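# Predicted coordinates and the sequence they were generated for:
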Amino acid sequence: MPASTHNTAANPWPDRRLLLRGKALQRLSCVLGLVLLAGECLADGDLTTGFSNQATIRNTRHNLTQRQATGGPAGVIMDTYRNDYGQVCVYCHTPHGSNASVAAPLWNRSIPSTTYNVYSSNSLTQTPSQPGSASLICLSCHDGQQAVDAVMNMPGSGRYNATPSPGFLSTWSNPSGLGPFAHLGLNEAECLGCHSPGQTPIYKVGAADFTIAAIGTDLRDDHPVGVKFPAANGNGTDWKTPGGSVTGAKFFDENGNGRMEKGEIRLYDYGGGPSVECGSCHDPHGVATVGTIFNATFLRKPNSGSAVCLTCHSK
Ligand code: HEC
Ligand code: HEC
Ligand code: HEC
Ligand code: HEC
Ligand code: HEC
């Protein structure tokens, strides 16, 4: 059973007075300069994301402990819909007891067997297969089938479960003292219940629109993944040639140093030949562009002038 199953459908946030009070306190503390982290004052309203997207994954949307509106409604609301493990990495990685069935570093999430609807078109030269590991790990949240906090090894002793159920996840206590009453996934009925346009109740206002991040299991409207890179590449073909090679991957070695770096577009090879997967174009920790701000949407390099696309495609 998917771990995203609700424990209850009722919403625990009818009390708008409490929420408004939190919001007012946050604003007041910003005005008085009581909040030392200036970002928390800037976060409200003037940016499309409350995160600075600088320096570390902790400042990105992949920090699922997010409580950027400390003391305000957002921190508290998030605590009722997902476990706040107080650690950024643990939503994806664990130092022990990781999922060895998937080719991903120390992976802390189960990969339920799912059949995806794959991209097809009459002009493809390769036949997309089911997504490979470097896509399945992203889809373990982005297909919306599992709760985002569904990890196999929660922090602390004796908190391991290879197939984390809502009951197991609910044994966690949030530091705020509010136990999650449901563990939500990134899909229309769950996280998107607040994080989609047109939501009017006060406890939903201000929630960023995540509709496009809820990729689901139908990949026909997404750039193909699990698709081999054409063997015929180089001058005179539709394809550039990945010059770099390491065990299990080929990469476009833009600085020619022979190392596969996070800013370089890559192809994953699980034995069937180099393939495009989510990780080909994205690094989920963020990659700094010129300056310190990460490339938008976790891209390995900026896509200005379609630079990401033109790394592989010769058009
Ligand atoms: C009851 C409504 C509600 C639900 C359900 C909800 N959120 Fe939120 N969330 C909010 C609100 C409101 C904010 C805006 C907070 C702010 O920016 O201070 C927010 C902010 C966020 C942010 C920060 C966005 C940004 O860029 O500033 C992330 C990430 C997030 N939520 C993830 C999730 C995930 C993942 C789920 C499902 C597990 C979820 N939320 C479920 C109401 C909700
Ligand atoms: C949202 C999920 C997610 C979070 C959170 C996350 N990682 Fe990762 N991490 C990944 C994925 C996916 C890969 C594999 C990337 C690939 O295939 O190219 C990875 C790979 C790595 C690697 C291998 C080298 C590399 O960069 O590919 C290291 C080391 C690593 N992560 C450390 C961390 C640390 C430390 C944290 C917390 C500060 C963290 N990660 C948080 C998803 C995550
Ligand atoms: C632990 C769950 C989890 C995993 C694993 C995960 N993500 Fe996410 N990701 C999220 C959540 C939650 C958001 C917030 C939704 C949003 O920002 O639209 C998000 C947001 C994003 C965004 C939008 C960022 C922005 O600022 O708009 C991108 C791009 C993304 N993820 C790509 C990936 C890729 C690629 C992988 C695999 C390498 C991955 N994610 C793995 C949970 C996850
Ligand atoms: C061939 C390159 C490529 C591959 C493969 C790829 N993406 Fe992306 N992705 C992009 C680009 C480019 C963008 C930015 C689109 C934009 O700016 O509108 C993006 C945007 C996103 C976003 C943010 C959408 C938005 O507009 O906020 C998410 C989430 C995401 N990708 C997840 C994934 C996941 C999960 C996979 C694997 C199933 C994947 N991507 C595979 C290139 C790719
Ligand atoms: C990592 C290499 C890589 C990157 C980066 C990349 N692609 Fe692709 N793309 C492929 C491969 C491989 C295929 C499958 C080609 C085939 O089967 O003939 C493909 C397929 C496509 C298709 C479908 C072609 C068809 O015949 O139906 C389109 C359109 C496309 N890519 C556009 C883009 C765009 C736009 C970007 C940038 C956002 C991009 N690609 C980035 C490798 C890449």
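Arrived safely, thanks for sending. Ligands and ions are numbered 1, 2, ... in the order given.
# Model confidence score at the residue nearest the centre of the chain, please.
Nearest to the mean C-alpha position of the chain, by C-alpha atoms, centre = their mean, lies His62 at 5.3 Å. For His62, the pLDDT comes out at 94.
# Same check on the one 4 residues further on?
On the pLDDT scale, Gln66 is placed at 77.
# Once you drop chain neighbours, what's closest to the residue nearest to the centre of the chain?
Spatial nearest neighbour of His62, excluding adjacent residues (C-beta to C-beta, 6 or more residues apart in numbering): Pro284 at 5.6 Å. All C-beta atoms are positioned from the backbone trio N, CA, C, and that covers glycine.
# Next up, the contacts around the one you found.
By C-beta atoms under 8 Å, 6 or more residues apart in numbering, the contact list for Pro284 reads 57, 62, 92, 138, 298.
# show me what contacts the last one?
In this case it means Phe298. Applying C-beta under 8 Å, 6+ apart, one finds that Phe298 lies in contact with 60, 62, 282-287.
# Try it again at 10 Å.
By C-beta atoms under 10 Å, 6 or more residues apart in numbering, the contact list for Phe298 reads 53, 57, 60-62, 138, 278, 281-287.
# same check, this time on the second one
Residues in contact with His62, defined by C-beta under 10 Å, 6+ apart, are 51, 88-89, 91-92, 141, 284-286, 298.
# Generate CSV for the residues you listed, with distance to ligand 4 and secondary structure as supplementary columns.
Formatted as CSV, the contacts of His62 follow (distance: C-beta to the nearest ligand atom, whole Å; DSSP: H, G, I helix; E, B strand; the rest coil):
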residue, distance to ligand 4, secondary structure
Phe51, 13, coil
Val88, 18, coil
Cys89, 19, helix
Tyr91, 15, helix
Cys92, 13, coil
Cys141, 8, helix
Pro284, 9, coil
His285, 14, coil
Gly286, 13, coil
Phe298, 7, helix
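# how about the residue of the chain most remote from its centre, secondary structure?
Ranked by distance from the centre of the chain (C-alpha atoms, centre = their mean), the top residue is Gly236, with 37.1 Å. Here Gly236 is recorded as coil under DSSP: H, G, I helix; E, B strand; the rest coil.
# Quick check: it vs ligand 4, distance?
22 Å (C-beta to the nearest ligand atom, to the nearest Å).
# and what of Pro128?
Plainly put, Pro128 is 11 Å away from ligand 4 if you go by C-beta to the nearest ligand atom.
# Over to Leu178?
28 Å.
# ok, that residue to ligand 5 distance?
With C-beta to the nearest ligand atom as the criterion, Leu178 and ligand 5 are 40 Å apart.
# now swap in Pro230 and tell me
Per C-beta to the nearest ligand atom, Pro230 is found 6 Å from ligand 5.
# Any idea how many residues pack against that residue?
Number of residues near Pro230 (other C-beta atoms under 10 Å) recorded here: 15.
# surely it meets Ser275?
No: counting by C-beta atoms under 10 Å, Pro230 stays clear of Ser275, with 11.1 Å between them.
# next one: phi and psi at Gly271?
Backbone torsions of Gly271, given as degrees, to the nearest 10, read phi 120, psi -20.
# now swap in Ala213 and tell me
Torsion angles, degrees, to the nearest 10, at Ala213: phi -80, psi -10.
# Just the element for the closest residue to Pro274 other than its chain neighbours, please.
With C-beta to C-beta, 6+ apart as the measure, Leu267 is the residue that lies nearest to Pro274, at 3.6 Å, once sequence neighbours are left out. According to DSSP states H and E, Leu267 maps onto strand 266-268.
# name the helices or strands packed onto that strand?
Contacts defined by 3 or more C-beta pairs under 10 Å, 6 or more residues apart in numbering; DSSP states H and E place strand 266-268 against helix 133-142, strand 244-246, strand 249-251, strand 275-276, helix 278-281.
# which one of those lies closest to Tyr203?
Closest to Tyr203 of the helices and strands packed on strand 266-268 is helix 133-142 (C-beta to C-beta; 22.8 Å).
# could you give me the average pLDDT of the helix or strand immediately after the closest one in the chain?
Moving toward the C-terminus from helix 133-142, the next helix or strand (DSSP H and E) is helix 166-169. The pLDDT scores in helix 166-169 average 94.
# which is the next helix or strand following helix 166-169?
In N-to-C order, the element after helix 166-169 by DSSP H and E is strand 227-228.
# Adjacent strands (with direction) for that following strand?
strand 275-276 (antiparallel) (DSSP bridges).
# does the strand it pairs with come close to ligand 3?
No: shown here: strand 275-276 not in contact with ligand 3 (C-beta under 6 Å from any ligand atom), separated by at least 12.2 Å.
# Stretch 53-63 now?
Yes: Stretch 53-63 lies within reach of ligand 3 by C-beta under 6 Å from any ligand atom, at 61-62.
# What's the end-to-end length of that stretch?
Distance between the two ends of stretch 53-63: 11 Å, counting by C-alpha to C-alpha, to the nearest Å.
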